[in-house]
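Undergrad: just to be clear, the model below is a prediction. Sequence and coordinates:
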Amino acid sequence: MEQVDTAIQTSKLLRSEQIAEGTMAFHFEKPEDFQFKAGQAIDITLVNPTETDAEGNTRGFSIVSAPSGDDLTIATRMRDTAFKRCLKAAAPGMKVQIIGPLGSLTLHKNATKPAVLLAGGIGITPFMSIVRQATFEQLPHQLYLFYSNRRPEDAAFLEELQSLQQRNPRFHFVPTMTEMEHSQRTWDGEKGLLTGEMLTKHLESVHGPIYYIAGPPAMVAALRTMLSTAGVDEDDIRTEEFAGY
Ligand SMILES: Cc1cc2nc3c(=O)[nH]c(=O)nc-3n(C[C@H](O)[C@H](O)[C@H](O)COP(=O)(O)OP(=O)(O)OC[C@H]3O[C@@H](n4cnc5c(N)ncnc54)[C@H](O)[C@@H]3O)c2cc1C
């Protein structure tokens, strides 16, 4: 991942909570001089963890909180690795090392171009920060967020995103569920994978916006191909490699 104006700093865990099934958010103290742009990421290194494995003690995470927020929050699916077991068991006060900010999946400046944010599962993280900050700053950009999850149970931040839509008239939220047959909840929104037809239904035009994609690698690849096939310029499609989850 691209590294710009980064620093190594010490921070500590403030609190953690479950935000969807098998999914947790971790709030860390924001070092006083730490500055970042919405959409950027940090590497977190556990200091003296109680266990470790071949995947190591460092992991990259998008920052979920907005730059205007008080803390540095990350969110992740709780897979069974030493790193995530340590994080899950950690008590408030646990020290970590933070490197960042990293990456450039940040909102373009030209507000005449809409931003179309395509999120799969916990790939919602960089876009939470972008939508929260855009609402805080009352940015003039039109923001379209398409958010694909298997079930509402898996969809982190669903209610907050619905309420952000009420607060920000330029934010258009299109959640879709791909496995409602396994859900205990009801759902009257979109169903099925993100497709060109779904984009066409909700966008004024598929040509013109800048597209941002975050989610499972297969989804990122499939959506890139779909956009290219629809004639979207490569320069208007932005994503970043995130591996090791
Ligand atoms: C820029 C970026 C930032 C990221 N930031 C983080 C982070 O901060 N924290 C973190 O834990 N992970 C992060 N990731 C990792 C990434 O989101 C995970 O690899 C991914 O989310 C896997 O798990 P999931 O359980 O969320 O997805 P799943 O629940 O498996 O899938 C999510 C949705 O994508 C759909 N989908 C899956 N495959 C396809 C396909 N081929 N075509 C269309 N739709 C498909 C599914 O149907 C489902 O609706 C990031 C990835 C990127 C690219």
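TA: That came through, no problem. Residues are numbered from 1 along each chain as shown.

Undergrad: pLDDT on the helix or strand containing Arg15, on average?
TA: Here Arg15, judged by DSSP states H and E, is contained in strand 3-20. The average pLDDT for strand 3-20 rounds to 86.

Undergrad: what pairs with it, parallel or antiparallel?
TA: strand 23-29 (antiparallel), strand 95-102 (antiparallel) (DSSP bridges).

Undergrad: what does the helix or strand following the longest one contact?
TA: Following strand 95-102 in sequence order, the next helix or strand is strand 115-120 (DSSP H and E). Strand 115-120 is contacted by residues 107-108, 127, 130-131, 141-149, 194, 199, 203, 209-216, 219-220, 223 when judged by C-beta atoms under 8 Å, 6 or more residues apart in numbering. For every residue, glycine as well, the C-beta is placed using N, CA and C.

Undergrad: kindly report the same for stretch 75-85.
TA: 19, 22-26, 46, 49, 51-53, 55-57, 59, 61, 64, 88, 121-122, 125, 128, 156, 245.

Undergrad: out of the residues you listed, which end up buried?
TA: 19, 23-26, 46, 49, 57, 59, 61, 64, 121-122, 125, 128, 156, 245 (16 or more other C-beta atoms under 10 Å).

Undergrad: would you agree Gly103 is in contact with Glu240?
TA: Yes - assessed by C-beta atoms under 8 Å, Gly103 is found in contact with Glu240 at 5.5 Å.

Undergrad: residue ranges with poor pLDDT in the protein?
TA: 1-5, 243-245 (pLDDT under 70).

Undergrad: which ones are touching whichever residue of the chain sits closest to the ligand?
TA: Distances between the chain and the ligand by C-beta to the nearest ligand atom are smallest at Gly121, namely 2.1 Å. Counting by C-beta under 8 Å, 6+ apart, Gly121 touches 77, 148-150, 154, 215-216.

Undergrad: and the protein, which residues reach the ligand?
TA: 61-62, 74-77, 105, 120-123, 125-126, 148-150, 154, 178, 193-194, 214-216, 218-220, 222, 239-240, 242, 245 (C-beta under 6 Å from any ligand atom).

Undergrad: write a ChimeraX command that selects only the buried members of those residues.
TA: With 16+ other C-beta under 10 Å as the burial test, the buried ones among those are selected in ChimeraX as follows:
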select :61,62,74,75,76,105,120,121,122,123,125,126,148,149,150,154,178,194,214,215,219,220,222,239,240,242,245
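
Undergrad: among the residues of the chain next to the ligand, which ones are in strands?
TA: Filtering those for membership in strands, criterion DSSP state E, returns 61-62, 74-77, 120, 148-149, 214, 239.

Undergrad: closest to Phe34 among those residues?
TA: Ile74 (13.5 Å; C-beta to C-beta).

Undergrad: and for that closest one, nearest residue in space, chain neighbours not counted?
TA: Once flanking residues are discounted, Ile74 sits nearest to Phe61: 3.8 Å by C-beta to C-beta, 6 or more residues apart in numbering.

Undergrad: and the one you found, what is it in contact with?
TA: Taking C-beta under 8 Å, 6+ apart, one finds 41-44, 74-76, 125 in contact with Phe61.

Undergrad: now the two most distant members of those.
TA: Across the contacts of Phe61 (C-beta to C-beta), the longest gap, 15.5 Å, separates Asp43 and Ala75.

Undergrad: I'm done for today, thanks for sticking with me.
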